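Asker: A structural model of the following input is requested.
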Amino acid sequence: MNATSFTNPSVQTMAAEFQLPEYICYLNCASKSPMARRVEQAGIDAFRTKRLPYEVSNQDFYGIPKLLREEFANLINCPNPERVAIIPSVSYGIAQVANNVKTKEGEEIILAAEQFPSDVYVWQKLADKTGAIIKFVSPPDSSTERGKAWNQAILNAIGPKTALVCIGNIHWTDGTIFDLAAIRKRTREHQALLIVDGTQSVGVMPMDVESLQPDALICAGYKWLMGPYSIGLGYYGEAFDEGEPIEENWKNRLGSENFADLVNYQPQYKDFAIRYEVGESTNFFLAPIQTEALKMINETGPLNIHEHCREISTNFIQEIQQDGAWMENSADRAAHLFGVKLPAGTDIKALKVLLEKEHVFVSVRGNFIRIAPHVYNTEALFQKLLTSIRTIL
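Answerer: Numbering: from 1, shown residues only. The predicted model follows:
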């Protein structure tokens with residue numbers, strides 16, 4: 001990896017932690033992230049604790065998840081880490097929300113078109129049960145000012161019948177940025193909830209829950225949080241302080257720290273978001289991995305990561321657009337995840353074969369390719385991608 005490609009020392013330090021072979025062009029962090037050396041070591045150390053289980057103390061059941069909540073709270077500027085719950089997946093975190101949302105017949109649930117299924121199925125189930133209406137908001141057919149028009153359409157869709165809006169900071173397929181501040185303002189005007197899926201943005205774009213004040217923010221860990229599969233994190237605001245979790249486990253009950261008193265069954269849940277945590281949330285193996293990954297991100301800074309992605313992709317974007325490809329306006333899309341629509345007639349099958357041969361990893365969908373760089377990428381790798389595409393055009 002060419003160190004001269006890095007203009008930010010903290011980004012360079014983070015990049016040095018990754019071990020991707022030089023011939024690999026991995027531009028697909030939106031699918032799953034690679035693992036940094038220090039994060040891998042945290043996992044190895046965690047697995048070794050199973051050798052000597054008697055060295056794991058009762059305090060570890062609470063200390064390990066506490067560290068994880070604190071790191072995530074720091075990342076999203078949440079003053080109270082107890083508003084953070086450890087969850088296994090986005091679908092689990094969203095299900096906790098849906099379990100505590102009361103909708104009526106005719107009320108509307110606003111979603112962006114082609115949203116990820118984990119942000120759709122649970123609302124369809126709730127709508128079928130209560131008579132609420134799912135309202136998908138599609139982007140305009142025009143490619144001119146598409147992002148601005150899509151955002152305006154979402155704002156226009158929010159009205160007196162809106163019960164909630166569930167949306168990401170960006171669209172997971174093409175990186176279109178949704179103006180969460182404007183959406184939050186509109187939902188407040190109509191007493192509607194704002195539920196944010198931060199999976200494709202938190203960790204690489206700044207997120208401030210103190211400023212935005214979403215009602216819930218749900219994130220998977222294995223993408224931009226640089227952690228393992230099967231662990232995630234959720235922030236739950238005041239709207240869910242008195243809610244009921246979808247499962248009953250011993251740790252989400254008040255006073256569960258007192259192991260000797262566990263048989264004196266406690267009807268009261270813990271305060272704030274911990275009531276929504278999955279059973280076995282201590283997760284002796286995965287939680288330390290995710291905690292170390294979050295430490296690394298917090299040390300580097302999401303904004304620095306995002307700006308690195310912008311720097312290394314700028315020339316590629318200019319050149320691919322000159323070749324006839326279409327992209328969302330730079331002001332309306334993310335720098336770490338963006339879709340490129342290749343010119344009509346491009347042999348996509350041939351391109352996929354060539355990219356595989358050249359060890360270039362992106363997501364290909366129809367005439368679109370989704371590109372998702374991170375700190376371990378350089379401008380030279382974007383040039384490799386460009387050369388491969390031009391071979392087919």
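Asker: hang on, N298 packs against F72?
Answerer: No - applying Cβ atoms under 8 Å as the test, N298 and F72 come out as separate, 9.3 Å apart. (Each C-beta comes from the backbone N, C-alpha and C, glycine too.)
Asker: so these two - more neighbours on which side?
Answerer: F72 (30 against 14; other Cβ atoms under 10 Å).
Asker: could you pull out the strands for this structure?
Answerer: 25-26, 84-87, 108-112, 133-137, 162-168, 193-197, 216-220, 232-236, 338-341, 360-361, 363-365, 368-371 (DSSP state E).
Asker: so where's the longest helix in the protein?
Answerer: Across the chain, the longest stretch assigned as helix under DSSP state H is helix 302-322.
Asker: roughly how far apart are the residue lying closest to N151 once chain neighbours are set aside and Q152?
Answerer: Here the nearest residue to N151 in space, its sequence neighbours aside, is D179; by Cβ to Cβ, 6 or more residues apart in numbering that works out to 5.0 Å. To Q152, D179 is 9 Å away according to Cβ to Cβ, to the nearest Å.
Asker: pLDDT at L303, what is it?
Answerer: Note for L303: predicted pLDDT of 97.
Asker: which residues touch the closest residue to it other than its chain neighbours?
Answerer: Spatially, and ignoring its direct neighbours in sequence, L303 is nearest to P206 (5.3 Å; Cβ to Cβ, 6+ apart). Shown in contact with P206 (Cβ atoms under 8 Å, 6 or more residues apart in numbering): P302, L303, H306.
Asker: re the thing from before, the strands of the chain: which one's closest to R51?
Answerer: Nearest to R51 among the strands of the chain is strand 84-87 (24.1 Å), distances taken as Cβ to Cβ.
Asker: against which helices or strands is that closest one packed?
Answerer: helix 60-76, helix 90-98, strand 232-236 (3 or more Cβ pairs under 8 Å, 6 or more residues apart in numbering; DSSP states H and E).
Asker: ranking those by burial, who's on top?
Answerer: strand 232-236 (a mean of 27; mean count of other Cβ atoms under 10 Å).
Asker: by how many degrees do that strand and helix 60-76 diverge?
Answerer: 70 degrees (axes from the mean of the first three to the mean of the last three Cα atoms, to 10 degrees).
Asker: packing partners for strand 232-236?
Answerer: Against strand 232-236 (3+ Cβ pairs under 8 Å, 6+ apart) you get helix 60-76, strand 84-87, helix 90-98, strand 216-220.
Asker: which outside residues touch the lowest-mean-pLDDT helix or strand in the chain?
Answerer: When each helix and strand of the chain is scored by mean pLDDT, DSSP states H and E, strand 363-365 comes last, with a mean of 88. Applying Cβ under 8 Å, 6+ apart, the contact partners of strand 363-365 are N28, A30, S31, T173, I348, L351, K352, L355, I369, R370, A372.
Asker: same deal with stretch 44-58?
Answerer: F259, F284, F285, L286, A287, P288, I289.
Asker: pLDDT, distance to I110 and neighbour count for these - can I get that in JSON lines?
Answerer: Formatted as JSON lines, the contacts of stretch 44-58 follow (pLDDT from 0 to 100; distance: Cβ to Cβ, whole Å; neighbours: other Cβ atoms under 10 Å):
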{"residue": "F259", "pLDDT": "88", "distance to I110": "45", "neighbour count": "9"}
{"residue": "F284", "pLDDT": "95", "distance to I110": "40", "neighbour count": "16"}
{"residue": "F285", "pLDDT": "96", "distance to I110": "38", "neighbour count": "15"}
{"residue": "L286", "pLDDT": "98", "distance to I110": "33", "neighbour count": "21"}
{"residue": "A287", "pLDDT": "98", "distance to I110": "34", "neighbour count": "25"}
{"residue": "P288", "pLDDT": "98", "distance to I110": "38", "neighbour count": "23"}
{"residue": "I289", "pLDDT": "98", "distance to I110": "35", "neighbour count": "26"}
